[in-house]
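S.K.: Okay, predicted coordinates and the sequence, questions at the end:
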Amino acid sequence: MSAPLLELPPALWDATLAHLRQQGAGVRESGGFLLGKVQRDRRVATHFLPYEQLQHDALQADFVHLSAASFGRLWDYCADHDLDVVADVHTHRYGAGQSRSDSENPMLAIAGHLALIVPDFAQGPVHLEEVGLYLYQGTHRWQRFRGQPVTTLIKFAAAEDTP
């Protein structure tokens, strides 16, 4: 796989990490959806929508939990702003591997959905090769990317380069 799976402006990535870092405060998971446009195999993120904006108590447990009503709010937000869900991103305490819960319960159970996991609750500098990138294949199967491949599958593009 040579083409990037995800494109986004560096400022959006930095702002997303800053939000995850602050919201999780180094003690709990945090996350949200990267929104933008999906065109065939090209996914371009232009916005970040934190989980807690969809459901105020989404981060109250040791893991992220969104109710069905939260997904209704997500789809309404996307429709109102002409956006698609490009990926979900959340933090883990230590590494960027998927938990069993992550693997068995994708945020969007649609083949082609991307999930990113940021290690160490996004505390301190986050290098792209430390991020876990997961491409949902359907029926609880994922294609997993870790380490150096992630740096070629996520492309930082200036906002004017994105649709």
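M.R.: All right, it came through fine. Numbering: from 1, shown residues only.
S.K.: where does the chain have low pLDDT?
M.R.: Along the chain, the parts satisfying pLDDT under 70 run over 1-2, 57-65, 159-163.
S.K.: Can you show me the strands along it?
M.R.: Per DSSP state E, the chain carries strands over the ranges 6-8, 31-39, 42-50, 84-91, 114-118, 132-138, 141-145, 154-156.
S.K.: what residue lies at the spatial centre of the chain?
M.R.: For the chain, residue 89 is the residue whose C-alpha lies nearest the centre (CA atoms, centre = their mean; 2.1 Å).
S.K.: Make sure that residue is actually in contact with residue 16.
M.R.: Yes. When contacts are counted by CB atoms under 8 Å, residue 89 is listed as touching residue 16 (6.4 Å). For glycine as for every other residue, the C-beta is placed from the backbone atoms N, C-alpha and C.
S.K.: any common contacting residues for these two?
M.R.: When contacts are counted by CB atoms under 8 Å, 6 or more residues apart in numbering, residue 89 and residue 16 have 32, 34, 48 as shared neighbours.
S.K.: ok, and the closest non-adjacent residue to the second one?
M.R.: Pointing back at residue 34 there. Computed as CB to CB, 6 or more residues apart in numbering, the closest residue to residue 34 that is not its neighbour in sequence is residue 45, at 3.9 Å.
S.K.: List the contacts of residue 109.
M.R.: Applying CB under 8 Å, 6+ apart, one finds that residue 109 lies in contact with 136, 138.
S.K.: ah, wrong one, I meant residue 12
M.R.: Taking CB under 8 Å, 6+ apart, one finds 34, 45, 46, 47, 48, 159 in contact with residue 12.
S.K.: Would you convert these into JSON lines that also reports distance to residue 117?
M.R.: Putting the contacts of residue 12 into JSON lines (distance: CB to CB, whole Å) gives the following:
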{"residue": "34", "distance to residue 117": "13"}
{"residue": "45", "distance to residue 117": "16"}
{"residue": "46", "distance to residue 117": "21"}
{"residue": "47", "distance to residue 117": "20"}
{"residue": "48", "distance to residue 117": "15"}
{"residue": "159", "distance to residue 117": "25"}
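S.K.: between these, which is nearest residue 25?
M.R.: Among those, residue 48 lies closest to residue 25 (CB to CB), at 17.9 Å.
S.K.: thought that closest one was touching residue 30?
M.R.: No. Applying CB under 8 Å, one finds residue 48 not in contact with residue 30, separated by 11.4 Å.
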